[in-house]
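**Q** here is a sequence with its predicted model. Questions after.
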Amino acid sequence: MLARNRLANIRKLTQIRIISRHVTTSWSPVGAAFNAIQQRRFDQLENNVGLFGVPELCTQAGFEVVENKALKETEQLVNRACSSPPGALTVETFDQLSDSLCKVADLADFVKVAHPDPSFREAAERTCINIGTVVEKLNTNVELCQSLKNLLDNREALAALDPETRRVAELFMFDFEISGIHLSERKRRKAVSLNVNLLDLSNEFLMGSQLPNKIEKRALPEHIRHCFSIDGNCIQIGGLHADSPSDLVREAAYKIFLYPNPKMLHCLEELLACRDELAKLVGYESFAHRALKGTMAKTPETVMKFLKLLTAKLSDRTTKDFQMMRNMKNKVNSRYSELMPWDHPYFSGAMRAERYNIEPSLYSPYFSLGACMEGLNTLFSRLLGVSFQAEQPKAGEVWSEDVRKLAVVHEAEGLLGYIYCDFFHRPDKPHQDCHFTIRGGRLKQNGEYQLPVVVLMLSLPHPSRNTPTLLTPAMMENLFHEMGHAMHSMLGRTRYQHVTGTRCSTDFAEVPSILMEYFATDYRVVNQFAQHYQTGQPLPESMVSCLCESKRICGAADTQLQVFYAALDQVYHGKPRNKSSTEILQEIQERFYGLPYVPNTAWQLRFSHLIGYGAKYYSYLMSRAVASMVWRQCFLKDPFDRNMGERYRREMLAHGGAKEPMLMVKGMLQRSPTIEDFVDALVSDLNPSIQAS
């Protein structure tokens, strides 16, 4: 009723055009909001509330205002932290300090990549840099650190803290330690210098990893030149062209795109050396040891044990997968029968298509965006007692008229937070699907809970006059995946924003999102929403079964490729070896992949995940193993089991990073899984589907 009244009040201001021609399905307000072309006409007299309702952000100049406000508040909180006696108030003040900076930095971090107005992006970028500089200074503030150390060294005060407060205190201290706070002044200056250098090297590597390579036209056979971008007398190659049916096109793209760039090789090796020096300076054996502290894996030795065990368990299946690809390549082109790295993605896809005829366009009519959103709404309502309510953004609240706003409401607890859905393609928008925390949840001093705010960003086609946005199966799964992140943020109810929602260890953060992929491919869930947008007919169960079974084709080889990437990441960030990054690549590829290294290539220069996931690329595999175990043990029998849903929230989603990740896994599974259990779970996923009883 409240939502309906609110809509009535703003009807004069806004026009929402619902697609109805040829569409037989009746939509709920949530489904209608996403299967509509929205045209907002705001009253000229309506107040501009600013981005995300932050009044200062009516214009780009507001970033300087909110930045200065946060810095002033920061100064006051630092003084309070340094003058307070050891106790819970110390941790609360640190968290308020973190919250004050994060609310500005996180919002600016999103705006700098997503806002269509360059002036907003530039202002947000300046704010990110300025806040980042302040954070670096705070992480090396000796007096501030000493106030926290006084608490952690005081047995009586420490004993009085509850487990969450104590863990948050330890996490703040870890931030100080990795910045070299415990070092002499000379070494602290060195740590700051290394961190600054790392920022520059990271940006240089990220930018370089995306740049195309050029080659003279005459170097390529004339009959394949049209497959690439032509720039005068040069051909520009900006990717691997892995989907091309031409062996020669794939080979040329692989060898040219991955051709070693001396400047980039130097940048990467400088980056790895700098990370190693910094880790050792602050007291760690290697950068990997530093990066893995507090994760599920905890140590590089555990990660390598996991990767080696998985390789051994997959060995026979991987060999069979590569042989099947080799056989298919032989059929297509018997002159070049050797299977090469540029063949793997193409022939694994070709084999899936040949066996199961998975044509995305046959599925898309059943996966309108509105239907998928209703499916998510139904799932969360039955599993967790949570539903979406479409809200109309106010003037200036969103950065594009395509953005939809959802209130997330619990049947008993009321409003939990807000999700802004930036789902549609637009020029200059990043293509990568992602989740942004704009504001973290926390318990405020007045007893109220600061509601979390997040953005989900996809890049979907726009609806047309007669057709809603139709998703391919991959798009649908990505939507479910990203919504898993959003619900982790919404359902986290931590006292401290420093550990809210997805602010947890990297190898645990992907568990809720990957678990959602299992729900997205279970027919009992899909059947609740997948209906043809014109006829209303449900998606046949056989089509869902084919989709699931097709993923297992060459699944071992695909998993082994991820193992290779993860192992390479570990070795690069382990103890330095007297070898070049390319020599290490060749060695690790031979041990952990199965297809030969191609001379004069340097794939590692395109491995951009080395920046954001340094020493943590294994996280996706480990998170998938946990998600698989949770699915099989807790939801396979009944994906709508409310008791299991409540346990899932209570044991895993509610804690964010406020609890040891393995304790959360143990609470959910009601046992402590081993590395062998993780490996077995991943291998089991390659077996034929298990029908729930």
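**A** Alright, I've got the coordinates. This structure is a prediction, so every number in the text was calculated from the model and none was measured.

**Q** any low-confidence regions in the stretch 301-450 of the chain?
**A** The stretch 301-450 of the chain contains residues with pLDDT under 70 at 334.

**Q** let's see that with 90 instead.
**A** 331-338, 352-360, 427-432 (pLDDT under 90).

**Q** show me where it has its strands.
**A** Assigned by DSSP state E, counting those that start in this stretch, the stretch 301-450 of the chain shows strands spanning 386-391, 404-410, 414-424, 434-439, 442-443, 449-450.

**Q** output those as TSV; include the columns mean neighbour count and distance to Leu201.
**A** Any C-beta I mention is one placed from the backbone N, CA and C, and that applies to glycine too. Converted to TSV, the strands of the stretch 301-450 of the chain look like this (neighbours: other Cβ atoms under 10 Å; distance: least, Cβ to Cβ, whole Å):
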stretch	mean neighbour count	distance to Leu201
strand 386-391	20	42
strand 404-410	20	39
strand 414-424	20	31
strand 434-439	21	23
strand 442-443	20	34
strand 449-450	16	36
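
**Q** of all the ones you listed, which one is nearest Met264?
**A** strand 434-439 (24.9 Å; Cβ to Cβ).

**Q** can you pull the buried residues of stretch 626-635?
**A** Across stretch 626-635, burial judged by 16 or more other Cβ atoms under 10 Å covers 626-632, 634-635.

**Q** apart from its chain neighbours, what residue comes closest to Arg577?
**A** Ile584 (6.6 Å; Cβ to Cβ, 6 or more residues apart in numbering).

**Q** so that neighbour sits in a helix?
**A** Yes: Ile584 sits within a helix when classified using DSSP: H, G, I helix; E, B strand; the rest coil.

**Q** so what's it up against?
**A** 568, 571-572, 577 (Cβ atoms under 8 Å, 6 or more residues apart in numbering).

**Q** repeat for Leu281
**A** Leu281 sits in contact with 180, 183, 187, 190-191, 194, where contact means Cβ under 8 Å, 6+ apart.

**Q** helices and strands around the longest helix along the chain, which ones?
**A** As assigned by DSSP state H, the longest helix anywhere in the chain is helix 300-332. Where contact means 3 or more Cβ pairs under 8 Å, 6 or more residues apart in numbering; DSSP states H and E, helix 300-332 is packed against helix 287-291, helix 344-356, helix 555-572, helix 619-630, helix 675-684.

**Q** centre of the chain to that helix, how far?
**A** What separates the centre of helix 300-332 from the centre of its chain is 26 Å, taken as Cα atoms, centre = their mean, to the nearest Å.

**Q** name the residues of it that are buried.
**A** Counting neighbours by 16+ other Cβ under 10 Å, one finds that the buried residues in helix 300-332 are 300, 302-304, 306-311, 313-314, 317-318, 321-322, 324-325, 328-329.

**Q** Gly656 belongs to a strand?
**A** No: with three-state DSSP as the criterion, Gly656 is located in coil rather than a strand.

**Q** might one say that it is in contact with Arg503?
**A** Yes: counting by Cβ atoms under 8 Å, Arg503 is a contact partner of Gly656 at 5.7 Å.

**Q** now do the contacts for Met426.
**A** Heads up, residue 426 is Arg, not Met. Arg426 neighbours (Cβ under 8 Å, 6+ apart): 116, 400, 402.

**Q** of these - the most surrounded one?
**A** Asp402 (18 neighbours; other Cβ atoms under 10 Å).

**Q** roughly how far apart are the residue lying closest to that residue once chain neighbours are set aside and Thr469?
**A** Nearest non-adjacent residue to Asp402, counting by Cβ to Cβ, 6+ apart: Phe424, 4.4 Å away. Distance of Phe424 to Thr469, given as Cβ to Cβ, to the nearest Å: 7 Å.

**Q** anything in contact with each of the two?
**A** 460-462.

**Q** follow-up on the earlier one: mind putting the contacts of Ile584 into a markdown table with distance to Gln531?
**A** Shown next, in a markdown table, are the contacts of Ile584 (distance: Cβ to Cβ, whole Å):
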| residue | distance to Gln531 |
| --- | --- |
| Leu568 | 44 |
| Val571 | 49 |
| Tyr572 | 48 |
| Arg577 | 56 |
